[in-house]
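*Asks:* need coordinates for the following:
(2 chains)
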2 protein chains.
Amino acid sequence: MAAFTPPLLCAQSSIRTSTGTSQLVQISTVTNGVYTAANINNLVKFSSTRKIALQNSRNVSVKPVAASSSAVEGATSKSDSSMPGGEQKTMKVVGVFYKAHEYAKDPKFLGCAENALGLREFLESKGHTYIVTDDKEGDNCELEKHIPDMDILITTPFHPAYMTPERLKKAKNLKLILTAGVGSDHIDLHTAAEKGMTVAEVSGSNVVSVAEDELMRILILLRNFVPAHTQVSEGGWNVAAVAYKAFDLQGKTVGTVGSGRIGLELLKRLKAFDCKLLYYARHSMGEEKEKATGATWESDLDKFLAACDVVSINLPLSDKTRGMFNKEVLNKMKKGAMLVNNARGAIVDVDAVKEACESGQLGGYSGDVWYPQPPPEDHCWRYMPNQAMTPHISGTTIDAQARYAHGVQEMLEQYFSGKPLPEENYIVREGELAGQYQ
Amino acid sequence: MAAFTPPLLCAQSSIRTSTGTSQLVQISTVTNGVYTAANINNLVKFSSTRKIALQNSRNVSVKPVAASSSAVEGATSKSDSSMPGGEQKTMKVVGVFYKAHEYAKDPKFLGCAENALGLREFLESKGHTYIVTDDKEGDNCELEKHIPDMDILITTPFHPAYMTPERLKKAKNLKLILTAGVGSDHIDLHTAAEKGMTVAEVSGSNVVSVAEDELMRILILLRNFVPAHTQVSEGGWNVAAVAYKAFDLQGKTVGTVGSGRIGLELLKRLKAFDCKLLYYARHSMGEEKEKATGATWESDLDKFLAACDVVSINLPLSDKTRGMFNKEVLNKMKKGAMLVNNARGAIVDVDAVKEACESGQLGGYSGDVWYPQPPPEDHCWRYMPNQAMTPHISGTTIDAQARYAHGVQEMLEQYFSGKPLPEENYIVREGELAGQYQ
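*Replies:* Predicted coordinates:
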């Protein structure tokens, strides 16, 4: 959408040439990994060279121009930034992201492997190595090659690097694991904690994106949108075949399992729809939030499930929530109720959901989370009736990408200068798991 | 969704046999137009007859049982109800609705031809003839046969009986045309006015249904839902191919063209999404509504279009709005902006919309309204890129059907007893068109 202002991609950044010399450049465009830089400071002798080989062999086309002395000072101080504990050390940073291929030419598309959260110049200007790949599965994948000596891992929930206990044990140098997004269940958090690793995510970076998407899915299921759209796109017209199962959201009972940040944002948006709103959680979210949302606390899951026409799951995947929505739990829902799950695929039992969609116990199931990701081509959710599934997209809008790319860079800056990360971002800190994973 | 209580379909009603005798029956189930009645009053001699031929040849299977005398009195007084102007006259009422076939067995599905808004017993108990059909196009259709002598026509926007000037001129007895729903543009209102006919709709009966559906479509376009869903349903997985064009609603500028009841309900629901909200209208909707929605009035269409990332059309189809969104107007929108139209298909230029979707001038187009309805199998909107179309469903949810069926019955009751209809329902009254159609 041309209407939106693209976030600035490293508008000014320092880079390191193959000789290790620091250079200040003004990045103007990025196309499939080839950076065009419009300005370069005049303190570094540059002769007529038009291409600089970076440490990882990326090419930067530059035009020598005069730069202000203040910009140069900025570049100098940046490249001198201290490492954790005050020591100066170059690190090996590994990023695992989905590939965007032809879509990567859009500089706003920060979250793909090609654009690598826009962190390349930032990291390389500090002398760090930045390896980026989407190849993350199996013993011979690109990720495996770097596990033994990587210092920092950046990954996302959309294309997760599954950091099993085995992988974490092999990762002798790994100190920091950052999730670009929200939800760090792809990492074995107990092992990370035992090994003294820090795990952090960009808390809040995409809660609005996910909550908006959940509301869309609630309406898509209630309105029977998918068969309606398929029908007209295939030349058909049968209003009745849609309408027989199309309902208003107004007046229905809608509940969220979990009332964390995403659940809360969903409830806030549902308020205007004149529904009866419930939330199931261990603790009340308090009078203020209940008033802001009009939602009522239900601490008894069975009662909650029996009351809801639509349920949305908003829980982290943890030892407690894994497989929580099994056949027994699904059978406690109203017959024909709808289930929305943008949380994590493994919170629900795959076969139980499929059977409930087939039997009509579930009127519909919509979510963007699967396990594993990508799911196999024959995953039954792709082909079951009454599904409104998508790939894992809700938290990776262009807007969300800008926020989590920014959040990752901020955390790296803090880490490199030996400062603590934002408190709310910690998932594993000094051997302790964050509350939602305990 | 079995969770919802079905509205009672004529739980107790009087019917007329082929001999004209009134009978009180308890309707228990309705299946494809065959009514099963469990009870019948014992004042009418019934012998062992198990089937009664109704005036319009519908079959009712009945079991004779004793009825209370009060119920019988009710039946007697019902069949004596007075006609407009106090005269007693049986009328020919014609209903045009879409057929539901196998879905008609659900008694909640009131809006289909088979269940006929649940009005059959009500009308026939008063001695009126009730002809119902979905066959509405061409000179030899079922509707045409009844035009010369019908007194009342009931039709819907979902499967509209197009009442052209020619048809209205042939309809010598037609006095009352009721729209089960909102939007009476399928009737040539000027001709109806000239001929002194009354046209009325069930104002408000589905404004919430349509507004909710519009919000769904806004999100579906912004999140690039359709290709995302198609992808996983066909065995694929490509997050980037969706995410490159997926945006949050938060922070975007969303506008409605028209701020009537549907536009207002849409704005109310959008408020919680932290967008910039605009409305284009001839007049300000006033401070109170602006405060309730947070929306700003823009009286200059060009400025409005240039500001919006998403535009939703909420206007009636009238001489002024027909073809309003032509190529010139679409080109005044931001490049890549999204357009949602649940109002009427003929408000936009079909080819201009298709070309804008192809060129990328429109980032997406979603709506449920077409002209004509049903549209031909080769209608270009079915096959253009970036469309999220459906058949005309937004205003015919099961909940909306209950409301507009109830509203039509109420208006018929008023009309039969010579009383005026609810003020807000009139579209043509004593030769005058309602404001929105002038």
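*Asks:* where does chain A dip in pLDDT?
*Replies:* Across chain A, residues meeting the criterion (pLDDT under 70) sit at A:1-88.
*Asks:* now do the helices in it.
*Replies:* For chain A, the helices defined by DSSP state H cover A:69-79, A:120-125, A:142-146, A:165-170, A:189-194, A:207-222, A:225-233, A:239-243, A:261-270, A:287-293, A:301-307, A:327-331, A:350-359, A:398-416.
*Asks:* want to try CSV for the ones you listed, with mean neighbour count and distance to chain B as columns?
*Replies:* To be clear about C-beta, it is placed using only N, CA and C from the backbone, and glycine gets the same treatment. Rendered in CSV, the data for the helices of chain A read as follows (neighbours: other C-beta atoms under 10 Å in any protein chain shown; distance: least, C-beta to the nearest C-beta, whole Å):
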stretch, mean neighbour count, distance to chain B
helix A:69-79, 14, 30
helix A:120-125, 24, 18
helix A:142-146, 17, 17
helix A:165-170, 15, 22
helix A:189-194, 19, 24
helix A:207-222, 27, 4
helix A:225-233, 22, 4
helix A:239-243, 25, 4
helix A:261-270, 26, 5
helix A:287-293, 14, 10
helix A:301-307, 17, 10
helix A:327-331, 15, 14
helix A:350-359, 18, 12
helix A:398-416, 22, 4
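*Asks:* can I get those helices in JSON lines with distance to residue A:437?
*Replies:* Conversion of those to JSON lines gives the following (distance: least, C-beta to C-beta, whole Å):
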{"stretch": "helix A:69-79", "distance to residue A:437": "35"}
{"stretch": "helix A:120-125", "distance to residue A:437": "28"}
{"stretch": "helix A:142-146", "distance to residue A:437": "23"}
{"stretch": "helix A:165-170", "distance to residue A:437": "15"}
{"stretch": "helix A:189-194", "distance to residue A:437": "6"}
{"stretch": "helix A:207-222", "distance to residue A:437": "17"}
{"stretch": "helix A:225-233", "distance to residue A:437": "34"}
{"stretch": "helix A:239-243", "distance to residue A:437": "41"}
{"stretch": "helix A:261-270", "distance to residue A:437": "15"}
{"stretch": "helix A:287-293", "distance to residue A:437": "22"}
{"stretch": "helix A:301-307", "distance to residue A:437": "20"}
{"stretch": "helix A:327-331", "distance to residue A:437": "21"}
{"stretch": "helix A:350-359", "distance to residue A:437": "22"}
{"stretch": "helix A:398-416", "distance to residue A:437": "18"}
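*Asks:* relative to residue B:93, which of these is closest?
*Replies:* Of all the helices of chain A, the one in closest proximity to residue B:93, counting by C-beta to C-beta, is helix A:239-243 (21.6 Å).
*Asks:* centre of the chain to that closest one, how far?
*Replies:* The chain centroid and the centroid of helix A:239-243 are separated by 36 Å under C-alpha atoms, centre = their mean, to the nearest Å.
*Asks:* same check on stretch A:222-231?
*Replies:* On C-alpha atoms, centre = their mean, the centre of stretch A:222-231 falls 28 Å from that of its chain.
*Asks:* one more: stretch A:197-216?
*Replies:* Taking C-alpha atoms, centre = their mean, the mean C-alpha location of stretch A:197-216 is offset from the chain mean by 7 Å.
*Asks:* got the end-to-end distance for that stretch?
*Replies:* The first and last residues of stretch A:197-216 sit 37 Å apart, counting by C-alpha to C-alpha, to the nearest Å.
*Asks:* what's the distance between the residue nearest the centre of chain A and chain B?
*Replies:* For chain A, the residue lying nearest the average C-alpha position, counting by C-alpha atoms, centre = their mean, turns out to be residue A:181 (3.2 Å). In this view, residue A:181 and chain B are 12 Å apart by C-beta to the nearest C-beta, to the nearest Å.
*Asks:* picking up where we left off before, quick one: closest of the helices of chain A to residue B:331.
*Replies:* Comparing the helices of chain A by their distance to residue B:331 (C-beta to C-beta), the top pick is helix A:398-416, with 24.1 Å.
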